[in-house]
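In: Quick one, what's the 3D model for this:
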Amino acid sequence: MSPDAVSLALLVAQGVGLLALSAWFTATETAVRSLNRNHLKLLADAGNAAASRVRRLQEDAEGLNGLGLFWRYLALVLLSQGLTLATLKWLGTGALWWSSLLLTALAVTFGAVLPRAYAVQQPEPVAWRASFLLRVLLWLCQPVVLPLSTWPRQWLRRRSGGAGVGPHPLDREELRAAVKSAGALVPARHREMLVGLLDLENVTVEDIMVPRQDIVGIDLDQEWVDIVDQLTTCRHTRVPCYYSNLNDIAGVLHLRNLSRLLRQSREFTLADVTALLVTPHFVPVGANLYAQLMNFQQARQRLALVVDEYGDIEGLVTLDDLLEQIVGEFTTVPQFSSREVHPQADGSYIVDGTANVREMNRAFGWSLPERGPKTLNGLVLEALENIPEAGTSFRLGDYTIEILQAAGHTVRSARIFPPAGLLPPHQSAEDEQLGD
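Out: Predicted coordinates for the structure are as follows:
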């Protein structure tokens, strides 16, 4: 074999070896970074030695990155030099441009794209097999790799005075976007719960409270027979009790305590009932739901009365109402659906004026404006800027609203035509106001 043939064979072997070296470091680094930290922890705790080594490599991400960069660039530089010398020797300077194009295609295809794609598809086998050798190389090359990987970061820190160095913490909007874009990594149901948790600080108690006129309470000034009838037929676990007016609140009655009283004696009086009342918990109408959730936890309460700036009771909120903002409705339908929203055969909905706008949006996938009035009546009055008469129709965004009944200064009911393509939910059944 001629010397030129031997030189060419050695050059080709050297090029293949350097390209394989670059591909190996690309694949192994990609595989190590692709593995889930929590999954690795579970495997390591179960005694998987390879998983333990990969965990340590992930913890030393800076060193692993420096090691991969050092060897990949060294391989590419040597490969470029060898190809340049061979081109000058056998093809001349006119072929340098073509040899550079060939080297770029080979390096991108076989040194980066293919090994990275394979490592993403098979991260565990690649990482398990390479973990021991990577740990050894990381230890051997530390005198070279460590200065190369840490010096630029320290220089940047000195230049910036320590500002802007390190990972940027995600704010709430960035975290919400990350959760929504997680795709198959996070189940859809879990994504909804995480977004609901992040939205707690953007929603106030006023948005979810039971309005004052819908609160089920017991007037202690009425006849004793009527009080007993309410106590025995009430569907709720906790009931506010008051004297004539809800603002003159006496306390909150837990019906479980009343059942204990009934077991002790079939006869009981108003004095026995008032003795069971507990001091109500009050919250301001503008409190955000996250703060209120913390208040419920600290006060060990499940129900609170919502008051305005003058101390007047505006509504009632429960722990169940707050939790539903995170996990969704506990029952098959929202509370208002059976009595305030009535689906029609033509795809429209007849809605009471007192229906809560935000609850309708959540239940039916609508996008009626939520900033401003909380009820349909308030939304209509704000949009028209006057008191409409029955038969008035208007457009609000993509929705057509027809006033059906108006009395005094309020809209009693209206027909809403949602945008085409929104399918009506299949909902039926009766719901409860308060949970245990």
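In: Quick check: which ranges of the stretch 101-250 of the chain have low pLDDT?
Out: Confidence mapping of the stretch 101-250 of the chain against pLDDT under 70 gives the ranges 160-172, 183-185.
In: domain assignment for this structure?
Out: 3-160, 201-327, 337-417 (automatic domain parsing).
In: Among the ones you listed, single out whichever gets nearest to S181.
Out: domain 3-160 (17.3 Å; C-beta to C-beta). For the C-beta atoms, the positions are set from N, CA and C on the backbone; glycine is no exception.
In: Centre of the chain to that closest one, how far?
Out: Taking the mean of its C-alpha atoms, domain 3-160 sits 36 Å from the chain's own mean (C-alpha atoms, centre = their mean, to the nearest Å).
In: likewise stretch 314-329?
Out: Taking C-alpha atoms, centre = their mean, the mean C-alpha location of stretch 314-329 is offset from the chain mean by 18 Å.
In: residues making contact with it?
Out: The contact list for stretch 314-329, computed with C-beta atoms under 8 Å, 6 or more residues apart in numbering, reads 192-193, 196-197, 199-200, 203, 205-206, 208-212, 215, 238, 240, 283, 285, 289, 292-293, 296, 301-308, 330, 363, 433-435.
In: So which residues of the chain form strands?
Out: Ranges of strands in the chain, per DSSP state E, are 210-211, 218-219, 238-243, 245-254, 282-284, 303-307, 313-318, 341-343, 349-352, 393-396, 399-407, 410-417.
In: so which of the domains of the chain gets nearest V179?
Out: domain 201-327 (12.9 Å).
In: which residue ranges form the helices in the stretch 251-400 of the chain?
Out: Here the stretch 251-400 of the chain has its helices, by DSSP state H, counting those that start in this stretch, at 255-264, 270-275, 289-299, 319-327, 337-340, 357-364, 376-384.
In: could those helices go into a markdown table alongside mean pLDDT and mean neighbour count?
Out: Below are those laid out as a markdown table (pLDDT from 0 to 100; neighbours: other C-beta atoms under 10 Å):
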| stretch | mean pLDDT | mean neighbour count |
| --- | --- | --- |
| helix 255-264 | 78 | 12 |
| helix 270-275 | 88 | 13 |
| helix 289-299 | 86 | 15 |
| helix 319-327 | 84 | 18 |
| helix 337-340 | 62 | 18 |
| helix 357-364 | 83 | 19 |
| helix 376-384 | 90 | 19 |
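In: To I401, which of those lies closest?
Out: Set against I401 and scored by C-beta to C-beta, these come closest in helix 376-384, at 6.6 Å.
In: ok and the closest one relative to helix 357-364, angle-wise?
Out: 110 degrees (axes from the mean of the first three to the mean of the last three C-alpha atoms, to 10 degrees).
In: Which one, of the domains of the chain, ends up nearest to A178?
Out: Nearest to A178 among these is domain 3-160; the distance by C-beta to C-beta comes to 15.6 Å.
In: can you put the strands of the chain in JSON lines and add mean neighbour count and distance to L11?
Out: JSON lines is the format used below for those (neighbours: other C-beta atoms under 10 Å; distance: least, C-beta to C-beta, whole Å):
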{"stretch": "strand 210-211", "mean neighbour count": "17", "distance to L11": "82"}
{"stretch": "strand 218-219", "mean neighbour count": "18", "distance to L11": "95"}
{"stretch": "strand 238-243", "mean neighbour count": "20", "distance to L11": "85"}
{"stretch": "strand 245-254", "mean neighbour count": "18", "distance to L11": "88"}
{"stretch": "strand 282-284", "mean neighbour count": "16", "distance to L11": "79"}
{"stretch": "strand 303-307", "mean neighbour count": "23", "distance to L11": "80"}
{"stretch": "strand 313-318", "mean neighbour count": "22", "distance to L11": "78"}
{"stretch": "strand 341-343", "mean neighbour count": "17", "distance to L11": "78"}
{"stretch": "strand 349-352", "mean neighbour count": "20", "distance to L11": "78"}
{"stretch": "strand 393-396", "mean neighbour count": "12", "distance to L11": "75"}
{"stretch": "strand 399-407", "mean neighbour count": "17", "distance to L11": "73"}
{"stretch": "strand 410-417", "mean neighbour count": "20", "distance to L11": "76"}
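In: Show me the one of those strands that comes nearest V126.
Out: Closest approach to V126 among those is made by strand 313-318 (52.4 Å; C-beta to C-beta).
In: which stretch among the domains of the chain comes nearest L175?
Out: Closest of the domains of the chain to L175 is domain 201-327, at 12.1 Å (criterion: C-beta to C-beta).
In: Centre of the chain to that closest one, how far?
Out: Distance, stretch centre to chain centre, for domain 201-327: 31 Å (C-alpha atoms, centre = their mean).
In: Kindly check the end-to-end length of it for me.
Out: 16 Å (C-alpha to C-alpha, to the nearest Å).
In: L253 contacts A275, correct?
Out: No - using C-beta atoms under 8 Å, L253 is not in contact with A275; the gap is 10.3 Å.
In: mind checking how far the residue nearest to R238 when sequence neighbours are not counted is from L316?
Out: Among residues not flanking R238 along the chain, L303 sits closest, at 4.9 Å (C-beta to C-beta, 6 or more residues apart in numbering). Applying C-beta to C-beta, to the nearest Å, the value for L303 to L316 is 7 Å.
In: do the same with L246
Out: Distance, L246 to L316, using C-beta to C-beta: 10 Å.
In: Need the overlap of contacts for the two.
Out: Shared contacts of L246 and L316, defined by C-beta under 8 Å, 6+ apart, comprise 212, 215, 240.
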